[in-house]
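Visitor: quick one, fold the following:
(2 chains)
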Amino acid sequence: MSEPLLSVSGLCKDFGGLEAVKNVSFEVHAGQIKALIGPNGAGKTTIFNLITGVLPSDAGSAIFEGHQLLGMPTHRIAALGLGRTFQTSLLFDQMSVLENVMVGHHLRGRSTIFTAALRILGAGAEEREYRETAMVALERAGLAELAGRPAAALPIGQRRLVEVARALAAEPTLLLMDEPAAGLNMRETERMGEIIEEIRTGGVTVLLVEHDMSLVMNISDEVLVLDGGQRLAEGTPEQVRNDERVLAAYLGEVAD
Amino acid sequence: MAARRRRAQKLQILGFFVLVALVPLAVHNRYYIHVLIFVGLNLILATGLNLLMGYAGQVSLGHAAFFGIGAYTSGILTATYGWNPWPAMVAALLATSAVAWLVGRPTLRLHGHYLAMATLGVGIIVSVVIRQTSSLTGGSSGLPGIPAMTLFGRELTTSMDVHYFYFVWAWVCLLTVVFANLVESRPGRALRALHDSELAAETLGVDTATFKVRAFVISAAYASIAGTLYAHSSMRFLSPTPFGFHTSIAMLVMVVLGGQGTLWGPVLGAIIITGIQEVLRPYTNWDIVVYGLLLMFMMIVMPGGVTRALASAWSAVTDRIARRRRGSGDE
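Guide: Here you go, the predicted structure:
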């Protein structure tokens, strides 16, 4: 197989005696939809936080397109092309939906405080361009009529969609999605599955953490199962579904 | 929809400044013109602090220090060293920005209210330095002999206060437009984003620590410009009193009272607080009591500030009228 897009090896994180992540290694290949699953406390979100520089890691490495992510500040990791959505959608609540998506353009923007303050050297044109691009993105996501609404006023399902649109506005190569279906009803979850597949078709690799098993099994190419901070199993949805250790972990039995 | 709102905002700004430009035609009393100059200075101070508090979500408890550094740098360079007021203004701006950067850079990398504590300290230090370095600043007896501001080679003298009124309000106009431009721009949105969620902003590539420092430096620069304009105002004399803790708190109250994170909040705040300052001028130290009560009142009754309270009251009224009209249409 070709060089992996993201290669994590020997990742460890200790929260004052609680080993949240124990020597976890995995790879994500370009064009994949890969899922991290496991019971609560398995260390899934912690792994996301380590990869995106939100938490400092204790040991290991995470190589993304030749760059060592561990030790890098979050905004530099974002600049490399690593996007993220959160378990509880973190929208900018005091801004409109359109403005939220426009923040997604931050990395590509070139206007500085001086050019923006005086609207010179293309700052005005950049502003208009971003407004249009963001509007197009909202139209594509079926959210056009929400553009002027304050983000705080949206119900949870729409918050998720806006957050995804915002993350995609930054044009990431790899998108980490932390429980994209949490709090969604069945129809919304189905729609989220389609959206994730569309994202992959658009050329973005997806790594997701998810509890909704039908969603995970439907859309993932590969599944990594974690339990107690350790890697339990890895493989296609078929392989994982039939793995005895996985069944045991989920049903709470002791595996032989 | 957003475009329409922006156009409405531009019209509001234009309308406001046309109104201000007409004021001297109606008001001939020199005292009132003098007070209106102070409203303008306070408005510049409040707008700068609003950028920091209302948009970047950081608190400064010693912003009067930057007002003071601006005023004294301008005052000393022109009165003692005979500089032209314009290069002195630029020097003041650079000095203030440098101090703000030195204070902001280490403190804003930390999470929490370290900036508030550091600025509290800076406010005290600057106040003490102004009083103690009397060879430079004149200390408690003050710094006299500051020349008038010049514009195209003409002095904006004391006897023609209206000229200086227009000069100050031209600055207010420029700095308000700069502020409105910034808020709706890439760097402005980065600031507002980090105010709501630093984590999400970082995830989208915003270098939050750097942007916080920049917001702090800009708000200090606003205070510096107000300081220079103050130094060349009708008194042309500087004493340490206006650059102490009282003024820092007054600025804070202007922003909170008017409404943090709104364009018109600082305007309302500046008008109300300048009024209070004028009324309480004979009663030393009572202003701080009034500020404290006002802050408590605002926090309990309208935490969003007067601007937002007025806006929601207005939309409640229009809603009711619309509903009544619809109701009568059904009958």
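Visitor: buried ones in the longest helix along chain A?
Guide: Scanning chain A for the helix with the most residues, using DSSP state H, yields helix A:123-140. Judged by neighbour count (16 or more other C-beta atoms under 10 Å in any protein chain shown), helix A:123-140 contains these buried residues: A:123, A:124, A:126, A:127, A:130, A:131, A:133, A:134, A:135, A:137, A:138. Placement of C-beta: from N, CA and C, glycine included.
Visitor: just stretch B:247-258 next, same as before
Guide: Buried residues in stretch B:247-258, counting neighbours by 16+ other C-beta under 10 Å, are found at B:247, B:248, B:249, B:250, B:251, B:252, B:253, B:254, B:255, B:256, B:257, B:258.
Visitor: could you dump it to PDB, C-alpha only?
Guide: The C-alpha coordinates for stretch B:247-258 follow below in PDB (Å, rounded to 0.1, in the frame of the first residue of the first chain):
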ATOM      1  CA  THR B 247     -10.200  56.600  34.200                       C
ATOM      2  CA  SER B 248      -9.400  52.900  33.700                       C
ATOM      3  CA  ILE B 249     -12.600  52.100  35.500                       C
ATOM      4  CA  ALA B 250     -14.600  54.800  33.700                       C
ATOM      5  CA  MET B 251     -13.500  53.300  30.400                       C
ATOM      6  CA  LEU B 252     -14.600  49.800  31.500                       C
ATOM      7  CA  VAL B 253     -18.000  51.200  32.500                       C
ATOM      8  CA  MET B 254     -18.400  53.000  29.200                       C
ATOM      9  CA  VAL B 255     -18.000  49.700  27.400                       C
ATOM     10  CA  VAL B 256     -20.100  47.600  29.700                       C
ATOM     11  CA  LEU B 257     -22.800  50.300  30.000                       C
ATOM     12  CA  GLY B 258     -23.100  50.900  26.300                       C
END
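Visitor: how about the nearest residue to the residue nearest to the spatial centre of chain A, chain neighbours excluded?
Guide: Nearest residue to the geometric centre of chain A (C-alpha atoms, centre = their mean): residue A:176, 2.0 Å. In this structure, residue A:176 finds its nearest non-sequential neighbour in residue A:84, 4.5 Å apart by C-beta to C-beta, 6 or more residues apart in numbering or on different chains.
Visitor: that neighbour: neighbouring residues, count only.
Guide: By other C-beta atoms under 10 Å in any protein chain shown, 28 other residues sit near residue A:84.
Visitor: now it: phi and psi?
Guide: Here is the backbone geometry of residue A:84 (degrees, to the nearest 10): phi -150, psi 140.
Visitor: ranges for the helices of the stretch 51-200 of chain A?
Guide: Per DSSP state H, counting those that start in this stretch, the stretch 51-200 of chain A carries helices over the ranges A:74-79, A:97-103, A:113-118, A:123-140, A:156-169, A:186-201.
Visitor: kindly apply the preceding question to chain B instead.
Guide: Here chain B has its helices, by DSSP H, at B:2-26, B:30-50, B:64-79, B:85-107, B:114-132, B:134-137, B:161-183, B:186-196, B:198-203, B:208-231, B:245-258, B:265-279, B:286-301, B:305-330.
Visitor: looking at those helices, which is buried most?
Guide: Mean neighbours per residue, mean count of other C-beta atoms under 10 Å in any protein chain shown, is largest over the helices of chain B for helix B:64-79, with a mean of 28.
Visitor: measure how it sits relative to helix B:208-231, angle-wise.
Guide: On the basis of axes from the mean of the first three to the mean of the last three C-alpha atoms, to 10 degrees, helix B:64-79 is oriented at 50 degrees to helix B:208-231.
Visitor: helices or strands next to helix B:64-79 in the packing?
Guide: Counting contacts by 3 or more C-beta pairs under 8 Å, 6 or more residues apart in numbering or on different chains; DSSP states H and E, helix B:64-79 is packed against helix B:85-107, helix B:114-132, helix B:134-137, helix B:208-231, helix B:245-258.
Visitor: one more time with 10 Å, if that's ok
Guide: Judged by 3 or more C-beta pairs under 10 Å, 6 or more residues apart in numbering or on different chains; DSSP states H and E, helix B:64-79 is in contact with helix B:30-50, helix B:85-107, helix B:114-132, helix B:134-137, helix B:208-231, helix B:245-258.
Visitor: for the stretch 151-256 of chain A, list the residues in contact with chain B, please.
Guide: Within the stretch 151-256 of chain A, the positions adjacent to chain B are A:151, A:152, A:163, A:166, A:167, A:169, A:170, A:172, A:176 by C-beta under 10 Å from any C-beta of the partner chain.
Visitor: the fourth one touches residue A:86, doesn't it?
Guide: What it means is residue A:166. No: using C-beta atoms under 10 Å, residue A:166 makes no contact with residue A:86, being 11.0 Å away.
Visitor: out of those two, which sits in the more crowded spot?
Guide: When neighbours are counted by other C-beta under 10 Å, residue A:166 comes out ahead of the other of residue A:166 and residue A:86, with 31 against 22.
Visitor: which ones are touching the spatially closest residue to that one that is not a sequence neighbour?
Guide: Excluding its sequence neighbours, the residue lying closest to residue A:166 (C-beta to C-beta, 6+ apart) is residue A:104, at 4.4 Å. Neighbour list for residue A:104: A:83, A:130, A:133-134, A:137, A:163, A:165-172, B:189, B:193, B:204-205 [criterion: C-beta atoms under 10 Å, 6 or more residues apart in numbering or on different chains].
Visitor: if you set the cut-off to 6 Å instead, what comes out?
Guide: Taking C-beta atoms under 6 Å, 6 or more residues apart in numbering or on different chains as the contact definition, residue A:104 lies against A:166, A:169, A:170, B:204.
Visitor: cool, and residue A:118?
Guide: So residue A:118 contacts nothing (C-beta under 6 Å, 6+ apart).
Visitor: any idea how far residue B:263 is from it?
Guide: Separation of residue A:118 from residue B:263 (C-beta to C-beta, to the nearest Å) stands at 18 Å.
Visitor: go ahead and confirm residue B:51 touches residue B:219.
Guide: Yes: applying C-beta atoms under 6 Å, one finds residue B:51 in contact with residue B:219, separated by 5.1 Å.
Visitor: which two of the buried residues of helix A:123-140 have the greatest separation?
Guide: Pairwise distances across the buried residues of helix A:123-140 (C-beta to C-beta) peak at 22.6 Å, for the pair A:123 and A:138.
Visitor: ok, for residue 197, nearest residue in space, not its chain neighbours?
Guide: As the question left the chain open, I've gone with chain A. residue A:219 is the one closest to residue A:197 (C-beta to C-beta, 6+ apart), at 5.7 Å.
Visitor: you looked at the wrong chain, it should be chain B
Guide: Nearest residue to residue B:197, sequence neighbours excluded (C-beta to C-beta, 6+ apart): residue A:90, at 4.6 Å.
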